[in-house]
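Asks: 3D model of this:
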Amino acid sequence: ATAGLVLQFGGLLVDAPYSASCGGRSALPSEAWSDAQDQPYLPSHDDTNPSTGRPFCEIAPRAGWTASFDESALTDVVMRHLKAAGARSPSPGAIAALKVNDRSASGRVRSLQVSTERGDVTLQANEIRALFRDARGAILSSTYFSVDRESRERGHLTGVTLRGTGNGHGVGMCQWGAIGRARAGQDYRTILRHYYPGTVVGFVD
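Replies: Predicted structure coming up:
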């Protein structure tokens, strides 16, 4: 039914990223990727259903989530960061603290500080998702989280639980949000205009 139709902005085809669920607010490209340029059709915008006051994507399987990391897993996070930075034999020692330094325009964690016996390590934006992995190796669902609980022993951190919302980078279209909007009666053109404002649906040349 949509064969031959494309999404355009200023007469040009758009780069139209999407994620599974935005958690109620989309992110700017620069929040997700360090080398990305923000675009007028990819703003950070609210995705709340005015009828319910809840995100359209609250129907998503991972609309809300928690992730717990023990002392060993936290050490692995720091080790991955140090190795990626070029350290040959990293040895951070005990983890002393975990602190959100800064949040982005959409409320996502932009900078996370991990304090260790041998100094502080700062993790940035989407790097955080790649470094915090569960036992199966799966990356963190999103950077839209807060530090929910901490456990300590002898002055150092032995465990932490993160509580978050959304699944993916959050830029552009929210797939579960689009489903929620469709179920609320919106057609595909209305949905696309919301997630990519200023764009038009046209025919490919």
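Asks: Please list the residues outside the lowest-mean-pLDDT helix or strand in the chain that contact it.
Replies: Least confident helix or strand of the chain, by mean pLDDT, DSSP states H and E, is helix 71-84 with a mean of 87. By C-beta atoms under 8 Å, 6 or more residues apart in numbering, the list of residues contacting helix 71-84 from outside reads 69, 90, 92, 94-95, 98, 114, 116, 121, 123, 127, 130-133, 156-160. Bear in mind the C-beta positions are built from the backbone N, C-alpha and C, glycine included.
Asks: one more time with 10 Å, if that's ok
Replies: 67, 69-70, 87-95, 98, 112, 114-116, 118, 121-124, 127-128, 130-135, 140, 151, 153, 156-160 (C-beta atoms under 10 Å, 6 or more residues apart in numbering).
Asks: cool, and stretch 47-58?
Replies: So stretch 47-58 is contacted by 19-26, 46, 63-64, 165-167, 170, 173-184, 186, 191, 194-195 (C-beta under 10 Å, 6+ apart).
Asks: Name the nearest residue to Gly166, ignoring sequence neighbours.
Replies: Excluding the flanking residues, the one nearest Gly166 by C-beta to C-beta, 6 or more residues apart in numbering is Gly23, at 2.8 Å.
Asks: Which element, helix or strand, includes that neighbour?
Replies: Gly23 is part of no helix or strand, with elements assigned from DSSP states H and E.
Asks: Pull up the gap between it and Ser151, please.
Replies: Computed as C-beta to C-beta, to the nearest Å, the Gly23 to Ser151 distance reads 26 Å.
Asks: One more: Leu112?
Replies: Taking C-beta to C-beta, one finds Leu112 at 18 Å from Ser151.
Asks: Repeat that for Pro29.
Replies: 36 Å.
Asks: coming back round to it: ok, of the contacts of stretch 47-58, which come out buried?
Replies: Among the contacts of stretch 47-58, those buried by neighbour count (16 or more other C-beta atoms under 10 Å) are 19-26, 63, 165-167, 170, 173-181, 186, 191, 194-195.
Asks: Quick check: Ser44 is in a strand.
Replies: No. Using DSSP: H, G, I helix; E, B strand; the rest coil, the assignment for Ser44 is coil, not a strand.
Asks: Show me what counts as buried in stretch 105-118.
Replies: So for stretch 105-118, counting by 16+ other C-beta under 10 Å, buried means 106-112, 114-116.
Asks: rewinding a little: and the contacts of helix 71-84, which are buried?
Replies: Buried among those by 16+ other C-beta under 10 Å: 67, 69, 90, 92, 94-95, 98, 112, 114-116, 121, 123, 127-128, 131-133, 140, 156-157, 159-160.
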